[in-house]
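Student: Return atomic coordinates for the entry below.
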Amino acid sequence: MQVTQEQLRDNMAKPRRNHKFSNSNQDEAVRIARGTQRPGQTKEQTKLIARGIQKGIEQYRKQQNTKARELDKKLKKARQQHASPGAHEIEVREKVIYRQHWLPWLLLILSWIAIAAYWFAN
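Tutor: As a prediction, this is how the structure comes out:
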């Protein structure tokens with residue numbers, strides 16, 4: 001069986017649509033279509049609805065994958081910028097100052113004064 005150049009050219013010109021959906025997507029789409037099925041709805045209509053739902057699921061997953069890839073690219077770029085030494089880096093030293101509230105010290109002194117007054121009174 002010989003294939004002519006004309007047949008090869010015709011086959012190459014036609015875009016192939018061998019897009020296969022995963023079984024999990026098909027099962028999920030059929031389950032959703034059956035869940036929303038109306039009384040009197042034919043099997044063909046349910047299949048069409050399931051096919052539409054399946055395409056919607058595929059489109060949604062593609063969008064999510066695209067968003068995840070873009071986010072990964074941004075994170076990778078940010079990590080590279082953070083890891084590489086920059087000319088505009090500024091070293092920041094923080095000075096920690098511990099400050100205590102005055103109320104506990106006041107109560108301690110007042111309690112000592114009260115104990116001393118009680119001891120001298122007896």
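Student: how about stretch 41-54: buried residues?
Tutor: 46, 49-50, 53-54 (16 or more other C-beta atoms under 10 Å). Glycine gets a C-beta too; all of them are placed from N, C-alpha and C.
Student: Adding secondary structure and pLDDT, write those residues out as a markdown table.
Tutor: Putting the buried residues of stretch 41-54 into a markdown table (DSSP: H, G, I helix; E, B strand; the rest coil; pLDDT from 0 to 100) gives the following:
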| residue | secondary structure | pLDDT |
| --- | --- | --- |
| Thr46 | helix | 86 |
| Ile49 | helix | 88 |
| Ala50 | helix | 88 |
| Ile53 | helix | 88 |
| Gln54 | helix | 89 |
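Student: from those residues, which is closest to Lys77?
Tutor: When the buried residues of stretch 41-54 are compared for distance to Lys77 (C-beta to C-beta), Gln54 wins out at 35.0 Å.
Student: confidence score at the residue sitting nearest the centre point of the chain?
Tutor: Most central in the chain under C-alpha atoms, centre = their mean is Ala68, positioned 7.4 Å from the mean C-alpha point. According to the prediction, Ala68 has pLDDT 94.
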